[in-house]
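> Generate coordinates for the sequence data below:
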Amino acid sequence: MKRREFSLSTATAVAASALTLPLATPAMAQARQFKEGKDYVKLAKPVASDVPAGKVEVIEFFWYSCPHCNAFEPTLEAWLKAAPKDLVIRRMPVAFNSSFTPQQKLYFALESMGKVGDLHAKVFRAVHVEKQALNKDDLIFEWIGKQGVDVAKFKEAYNSFSVSNQLRKAAQLQEAYGVEGVPSMGVAGRYYTDGTMAGNMQGVLQVVEYLASTAAKGG
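Residues are numbered from 1 along each chain as shown. I've put the predicted structure just below:
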C-alpha cells in the first residue's frame, strides 16, 4: 500500500491475499540476478544500526490497517522462523499522518510488555476479519481488555516516555529509508525494497536474503 492509498477496493484487498506464496529460500534468491534501481535501491546515506557485529539488521515497515500487510503477515512469520541466523529482524510500524499514531503506540506498547508474539497476528485479525477499527486510543484499550491483558499496565506502557521515544525513532527510520509504502523492507541500513520493485512480496523476501548476504560479505 502506497503512502496515499488509505482505502482499497474489495477486489484489491482480495488480490493482496495472493502475496502469501511459498517461502523464499537462499537457493531461490541466488537463482535470480537482482539489480540496483530495479529490484531495490541503495540508500544515499547509510542508516546507523546497533545490531551486534556479524549480524545484519532487516526491518519490515508495516501498518496494521493495510490489507497488503495483513496478507503478507503469515508468509513473513513463517519466513522469520526459517531465516538465516545472522539476521536481526525487526518490525517497524509507520505513520504517513497522525491518524496512524495510535496503532504505532499499540505495537510498541505490546513490544514493551513482551506481548507481540501473543497479540500481533490477533491485531491484524481484529482489523481485517472482525472489522474493528482499532485506530483510536479508547478502541484499542477496549480491545486490549478483551485479550486478557491488564489494561492499566497497557495504558502505562502506551503513554510512556519509552513508547514516545520509539515513535520518534520510527519516524527517523521511515524518513531515512525513504519509505513510501507498506509492506516494505530495509536491509543493513543500506538497502530498501518493496513489492513494486521486487514484483511481489515473494520477490521481496528473495531480494532481502540476497541483500543480507551481500551486506554480510561487506557489500
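> Tell me the first helix or strand C-terminal of the helix or strand containing residue 118.
Element membership for residue 118 (DSSP states H and E) is helix 116-128. Once the chain leaves helix 116-128, the next helix or strand it forms, by DSSP H and E, is helix 137-146.
> Extract the CA atoms of the next helix or strand along the chain from that following helix and return them as PDB.
Sequence-wise, the next helix or strand downstream of helix 137-146 (DSSP H and E) is helix 151-158. The C-alpha coordinates for helix 151-158 follow below in PDB (Å, rounded to 0.1, in the frame of the first residue of the first chain):
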ATOM      1  CA  VAL A 151      -5.400  -2.500  30.800                       C
ATOM      2  CA  ALA A 152      -3.900  -0.300  33.400                       C
ATOM      3  CA  LYS A 153      -0.400  -1.700  32.700                       C
ATOM      4  CA  PHE A 154      -1.000  -1.400  29.000                       C
ATOM      5  CA  LYS A 155      -2.100   2.200  29.300                       C
ATOM      6  CA  GLU A 156       1.000   2.900  31.300                       C
ATOM      7  CA  ALA A 157       3.200   1.400  28.600                       C
ATOM      8  CA  TYR A 158       1.100   3.100  25.800                       C
END
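> Just give me how far helix 151-158 sits from the chain centre.
23 Å (CA atoms, centre = their mean, to the nearest Å).
> Please work out the angle formed by the directions of the helix or strand just after it and helix 151-158.
Sequence order places helix 161-177 as the next helix or strand after helix 151-158, per DSSP H and E. If you take axes from the mean of the first three to the mean of the last three CA atoms, to 10 degrees, helix 161-177 sits at 40 degrees to helix 151-158.
> contact partners of the helix or strand just after helix 161-177?
Downstream of helix 161-177, the first helix or strand assigned by DSSP H and E is strand 184-187. Strand 184-187 is touched from outside by 40, 47, 56-61, 173, 177, 179, 192-195, 204, 208, 211-212, 215, with contacts defined as CB atoms under 8 Å, 6 or more residues apart in numbering. The C-beta positions use only the backbone N, C-alpha and C, and glycine is treated the same way.
> Let me know the secondary structure of the closest residue to residue 76 other than its chain neighbours.
Residue nearest to residue 76 in three dimensions, not counting chain neighbours: residue 60, with 6.4 Å by CB to CB, 6 or more residues apart in numbering. When classified by DSSP: H, G, I helix; E, B strand; the rest coil, residue 60 comes out as strand.
> Do I have it right that residue 60 meets residue 192?
No. Residue 60 is beyond contact range of residue 192, at 11.7 Å (criterion: CB atoms under 8 Å).
> Quick check: residue 196 vs residue 182, distance?
Using CB to CB, to the nearest Å, residue 196 is found at 11 Å from residue 182.
> nope, residue 64 is what I meant
On the measure of CB to CB, residue 64 and residue 182 end up 10 Å apart.
> Which one's more surrounded, the two?
Comparing residue 64 with residue 182 by other CB atoms under 10 Å, the one with more neighbours is residue 182, at 27 against 23.
> Surely that one touches residue 63?
Yes. Assessed by CB under 8 Å, residue 182 is found in contact with residue 63 at 5.0 Å.
> Kind regards, and thank you for your time.
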